[in-house]
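>>> the following comprises the amino acid sequence and a computationally predicted model.
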Amino acid sequence: MAYQGGAPYTPYDNNLSKLNFATLGTGIFDYSKLNTLRNRPFQSSDLRIDKKYNYKKSTFDFYIDITNWYGAKTVSPPYYIFSYEANGNFKTTDGLALKKDGSNAIPSLYENNTIFVTPTVGFIFEF
């Protein structure tokens, strides 16, 4: 089991991000605040089972590996997006279509903390 401190990340420049999001599709970082924020700490654990067969001039190793076997949530910096409706249209402050400069958009930070459990099966043949 591993306990890891939160990795640093750079916040978004809200004004530049709002102005350019419709064109770029992503937020713009505020590099004057480089790595001033931190993700929360997290823990994870992997499980691996090996079976090795030894022969005179070779070995065969079969394994099953499960990364994050107990399903801990991953931790990543938030994504800058504009709020949107279920039909995919952006929500706006005036109810009209999104302006190119994003002045009527409703910015949001999307937390992407998901669960990834990754099973792997493999073998190693040495000769």
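That came in fine, so what should we check first? Residues are numbered from 1 along each chain as shown.
>>> give me the most central residue, the chain.
Central residue of the chain (CA atoms, centre = their mean): Ser76, 4.7 Å from the mean position.
>>> before we move on, which element is the closest residue to that residue other than its chain neighbours in?
In this structure, Ser76 finds its nearest non-sequential neighbour in Asn112, 5.4 Å apart by CB to CB, 6 or more residues apart in numbering. Backbone N, C-alpha and C define where each C-beta goes, glycine included. When secondary structure is defined by DSSP states H and E, Asn112 falls outside every helix and strand.
>>> what values do phi and psi take at Asn112?
Dihedral pair for Asn112: phi -110, psi 70, per degrees, to the nearest 10.
>>> and it, how many neighbours does it have?
10 (other CB atoms under 10 Å).
>>> my read: it touches Val75, true?
No - contact between Asn112 and Val75 fails when scored by CB atoms under 8 Å: they sit 9.4 Å apart.
>>> hmm, back to that, quick one: the residue nearest to the centre of the chain from Arg40, how far?
10 Å (CB to CB, to the nearest Å).
>>> same question, Pro8
Distance from Pro8 to Arg40, counting by CB to CB: 12 Å.
>>> swap in Pro119?
Distance from Pro119 to Arg40, by CB to CB: 26 Å.
>>> equivalent analysis for Leu98, please.
Distance of Leu98 to Arg40, computed by CB to CB: 32 Å.
>>> quickly find the element holding the residue nearest to the centre of the chain.
Counting by DSSP H and E, Ser76 is held by no secondary-structure element, helix or strand.
>>> what of Ile66?
strand 59-67.
>>> contacting residues around the residue in the chain sticking out farthest from the centre?
Farthest-out residue of the chain from its mean C-alpha position, per CA atoms, centre = their mean: Lys56, at 46.1 Å. Contacts for Lys56 (CB atoms under 8 Å, 6 or more residues apart in numbering) come out as none.
>>> ok, it to Ile124 distance?
Taking CB to CB, one finds Lys56 at 17 Å from Ile124.
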